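dropping a prediction and its sequence here:
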Amino acid sequence: MKSVKTFFFTAVILVLPFSKVEAQNTFQSPSENKSVIYIMRTSALGAIMNFRFFDGEKYLGKFKDKNYLRYECEPGKHLFWVKGENTDYLEADLLADKIYIVEANAVMGAFSAGVKFNILDFNDDKKMKRVFKLLTKKEPIVFDENELLKDQNDMQEIIKSGLEKYENKLDRDKEFNKITPEMFYTI
């Protein structure tokens with residue numbers, strides 16, 4: 001009887017840490033009076049493709065495969081965009097002291113894979129499970145500030161072209177994904 005109790009006790013100790021992925025949530029709140037957005041690649045589709053991320057004219061960094069970046073910024077209006085084989089845009093209006101989450105995953109096109117921002121539905125257990133799984137497996141990518149500055153300077157034409165494409169699409173009444181102030185994530 002004692003060995004059965006020992007077995008069950010050991011099983012509970014070994015299984016308990018893995019019983020709920022969400023309990024290991026590692027979203028980090030923003031600094032006071034700042035906003036934070038998590039840009040996440042939760043799918044392995046197009047894993048070898050580098051996606052470059054921007055906030056308006058500011059280059060945020062690039063990465064491939066499943067990973068994510070945590071970007072702390074001023075609250076208010078932002079134009080986030082991502083460049084891969086194509087360019088996708090995300091208009092955001094962020095509140096201070098809040099966390100926002102968006103996916104930027106590869107999508108299949110006619111001849112190659114592109115990239116698309118997806119607004120997360122926090123009630124979609126399947127998608128949130130992927131988010132929490134990524135959070136528990138990896139730390140956010142941290143970019144070297146000097147390298148970002150160098151890349152920012154090297155990409156002036158890409159930034160100019162990307163923002164011109166956005167303006168042209170606006171002129172044609174193109175609708176973009178939007179993050180509104182109330183779309184924050186509650187820890």
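Ah, there it is.

just list whatever residues bridge to the residue most central in space within the chain.
The centre of the chain sits closest to I39, judged by CA atoms, centre = their mean, with a distance of 1.3 Å. Going by DSSP bridges, I39 is paired in beta bridges with L69, V102.

helices of this protein, residue ranges please.
Here the chain has its helices, by DSSP state H, at 2-15, 125-137, 145-154, 156-171.

and the second one, how far out from the chain's middle?
So that's helix 125-137. Helix 125-137 has its C-alpha centroid displaced from the chain centroid by 12 Å (CA atoms, centre = their mean, to the nearest Å).

neighbours of the closest residue to K178 other than its chain neighbours, how many?
Among residues not flanking K178 along the chain, E91 sits closest, at 4.8 Å (CB to CB, 6 or more residues apart in numbering). Any C-beta I mention is one placed from the backbone N, CA and C, and that applies to glycine too. Using other CB atoms under 10 Å, E91 has 18 other residues around it.

for N86, same thing?
Neighbours of N86 using other CB under 10 Å come to 14.

lowest-pLDDT helix or strand in this structure?
Least confident helix or strand, the chain: helix 2-15 with a mean of 41, by mean pLDDT, DSSP states H and E.
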